[in-house]
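Visitor: sequence and predicted model, in that order:
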Amino acid sequence: MTVLALDLGSKRIGVAVSDPSGSFALPVCVIERTTLRADLERIAALVAEYGAAELVVGEPIALSGARALAAEQSDRFVERLRGVFSGTIHRIDERMTTAQATKTLIAADVSRAKRKKVVDKMAAALILETFLARRRNRATS
């Protein structure tokens, strides 16, 4: 069963997808945000393209663990997402995923311009990897 993950940002949405067995996460694309309607249509098209039965959405939580304005905006987006996706939507703490993805790209000597184009989909893949690892751990417990 394929799972699609989203790293929501104010300007871009990073997208990643799992393999059908749920073993690993692959960065897919970055959606440049325009309107809510267009963003939701693009996500719905990706869900259909990959046959995703579940969505994982990054939960923007402050380092302190508090929910901030970004979390409230994410909540509103997820509610609208439920209008175009009838499957299960999971929320996963996304703290430090963009920073971790950026650090990995810098270590790989990727230029700043290229990092900007891929960091969001890499952050989505990290969110998805966290979700898949937790799912595997629950299954073996």
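Guide: That came through fine.

Visitor: so where do the strands sit in the protein?
Guide: 2-8, 12-18, 25-32, 52-59, 88-93 (DSSP state E).

Visitor: need the ones you listed in CSV (columns: mean pLDDT).
Guide: Formatted as CSV, the strands of the chain follow (pLDDT from 0 to 100):
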stretch, mean pLDDT
strand 2-8, 95
strand 12-18, 96
strand 25-32, 96
strand 52-59, 94
strand 88-93, 92
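
Visitor: make TSV out of those strands and add mean neighbour count and distance to T130.
Guide: To be clear about C-beta, it is placed using only N, CA and C from the backbone, and glycine gets the same treatment. Below are the strands of the chain laid out as TSV (neighbours: other Cβ atoms under 10 Å; distance: least, Cβ to Cβ, whole Å):
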stretch	mean neighbour count	distance to T130
strand 2-8	26	9
strand 12-18	24	11
strand 25-32	19	9
strand 52-59	22	9
strand 88-93	15	6
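
Visitor: wait, what's in contact with G22?
Guide: M1, V3, L132, R135, R136 (Cβ atoms under 8 Å, 6 or more residues apart in numbering).

Visitor: that older thread, quick one, which of the strands of the chain gets closest to D120.
Guide: strand 12-18 (3.1 Å; Cβ to Cβ).

Visitor: quick one: that closest one to chain centroid distance?
Guide: How far strand 12-18 lies from its chain's middle: 5 Å, per Cα atoms, centre = their mean, to the nearest Å.

Visitor: show the end-to-end separation of stretch 4-12, please.
Guide: 16 Å (Cα to Cα, to the nearest Å).
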